[in-house]
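Provided below are the primary sequence and the corresponding predicted coordinates.
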Amino acid sequence: AHLFHDSELRDRLRDLVDLDGLLRHFGAAPGFWDELAERALALGLQESLALALHFSARWLATPVPPALARSVAARGLPRWKAAWLLPLFEAVLWPTDPDRLPSRRQTLAANVLLVRHHLGRMPLTLLLPHLWHKMRTRPVSDPAMPAAGV
């Protein structure tokens, strides 16, 4: 859940590798997949589980039962949401070259996901003044400073 709701999402492939290891280890236990889906539903984490299953299966070939992946995605990540959310996470989770600044695409995706993160934590009436303040007080002299520190 933390991976897909964190405020700092860049270069988090290692966290996805950790999820892959956990899913492979516990996925062999009888009833694990059904219990995982039920627990995500009970905690309101269907979207996080859908994202975790999508990226671990797609990038790391994690053996996720296809019927379960479809069921979790239908509940937690409808097509309209997947259409914009998956490309954003794909941009920020992929590691960047340590000798270069993040691409504009990755920076934009990180900023959109940061707003999503904040919207999950505070109402819009508080978020807009908060972001305005952060934007105004951020030092402009350092071009290497990522905007994700909002």
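Arrived safely, thanks for sending. Residues are numbered from 1 along each chain as shown.

Next, the residue minimising distance to the centre of the chain: secondary structure please.
The C-alpha lying nearest the average C-alpha coordinate of the chain belongs to Phe4 (C-alpha atoms, centre = their mean; 2.8 Å). Secondary structure, DSSP: H, G, I helix; E, B strand; the rest coil: Phe4 is coil.

pLDDT score assigned to it?
With respect to pLDDT, Phe4 scores 77.

ok, how many other residues are close to Arg136?
7 (other C-beta atoms under 10 Å). C-betas here are computed from N, CA, C, even on glycine.

what's the answer for His54, then?
Every residue meeting other C-beta under 10 Å relative to His54 is counted, giving 22.

For it, list the residues it contacts.
Counting by C-beta atoms under 8 Å, 6 or more residues apart in numbering, His54 touches Ala69, Ala73, Leu77, Ala82, Leu86.

again, but for Arg75
Leu41, Gln46, Ala50.
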